[in-house]
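S.K.: From the sequence below, what's the structure:
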Amino acid sequence: MCTVVVLHRPGHAWPVLIAANRDELASRPWRPPARHWPARPGTVAGRDREAGGAWLGVNDRGVVAGVLNRAGSLGPAAGMTTRGELPLLALDRPTARDAAAAMTSLDGRPFRAFNMAIADASDALWVRWTGREADGRPTSHRIPEGLHMLTALDLDDDASPRVRLHLPRFRAARTPDPEAGDWSDWIERLGDRSRGPAGPEAGAMSIGDSGGFATVSSSLIALADARPRTIWMFAAGAPDKVSFRPVSVDTTDCVSSASSVGSR
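M.R.: Numbers count the residues shown, from 1 in each chain. Model (predicted):
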């Protein structure tokens, strides 16, 4: 179960901050975020080497899009289109609002159930496809101002042990300062292995090998208000084990390419 945390604060110099853990089969091959798609030169995303899609990415216009499985829909299914296509389709669009509209215009039925988080400096939205919508279309919803968490259920749904345990901790954490490269409290939260009572990994933000699944990467993303400017810090492993390093996102100045945070 992947997790996306969104701090939405309209009017701030950094109106959207995002933290994300990717939980996946540890044996599934992938490549770290880069410009992997020649036909999409403006897209930077991690590439799944098995299906060719992406789980989280940004474009040169400052749009972020990430996809998560819904509960009960883990893994691929024969005859279904990979959900990794969805972030790429969203990142073809110039704004988050346009990206969400593109998702809700899709026929959802070729895809297993999914959630998406989509944002830019002006808007933050999440898209839901449960597979049960009567018209076969995903639905789009605004992410309100404040800090929110999306997992395999609805936004901030405390039926998720992870949301129950860790959403209050993120809300109590010190807000990152992207300009200074200070994400320390959020890194600590992303790497938190504390869990609830139901099962060996239930509720943990970062999971070890659990039935072959593990937290295989982690991201910290900041979107600036003044111009399309994005900072993306990426850990190519569990965030309590691997340092975050900057992703080359666009042609504007971000942070020093030599910097890293969260060294263990």
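S.K.: ok, so what distance separates the residue of the chain most remote from its centre from residue 108?
M.R.: Relative to the centre of the chain, the most outlying C-alpha is that of residue 134, 27.3 Å out, by CA atoms, centre = their mean. In this view, residue 134 and residue 108 are 11 Å apart by CB to CB, to the nearest Å. Every residue, glycine included, has its C-beta placed from N, CA and C.
S.K.: confidence score at the residue farthest from the centre of the chain?
M.R.: Confidence at residue 134, expressed as pLDDT, is 92.
S.K.: Check residue 213 too.
M.R.: 88.
S.K.: Low-confidence ranges, the stretch 101-250 of the chain, go.
M.R.: Scanning the stretch 101-250 of the chain for pLDDT under 70 picks out the ranges 197-202, 250.
S.K.: Run through the strands of it in chain order.
M.R.: 114-119, 124-129, 139-142, 146-150, 213-223, 230-235, 245-246 (DSSP state E, counting those that start in this stretch).
S.K.: Rebuild those as TSV, extending it with distance to residue 6 and mean neighbour count.
M.R.: Shown next, in TSV, are those (distance: least, CB to CB, whole Å; neighbours: other CB atoms under 10 Å):
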stretch	distance to residue 6	mean neighbour count
strand 114-119	6	26
strand 124-129	6	24
strand 139-142	11	14
strand 146-150	5	20
strand 213-223	10	25
strand 230-235	15	25
strand 245-246	20	18
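S.K.: can you put those in TSV and add distance to residue 92?
M.R.: Output for these, formatted as TSV (distance: least, CB to CB, whole Å):
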stretch	distance to residue 92
strand 114-119	12
strand 124-129	15
strand 139-142	16
strand 146-150	22
strand 213-223	18
strand 230-235	17
strand 245-246	24
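S.K.: out of these, nearest to residue 47?
M.R.: strand 213-223 (11.8 Å; CB to CB).
S.K.: Just give me how far the closest one sits from the chain centre.
M.R.: 7 Å (CA atoms, centre = their mean, to the nearest Å).
S.K.: about what we covered before: residue 30: which of the strands of the stretch 101-250 of the chain is closest?
M.R.: It's strand 213-223; of those, that one is closest to residue 30 (CB to CB) at 7.3 Å.
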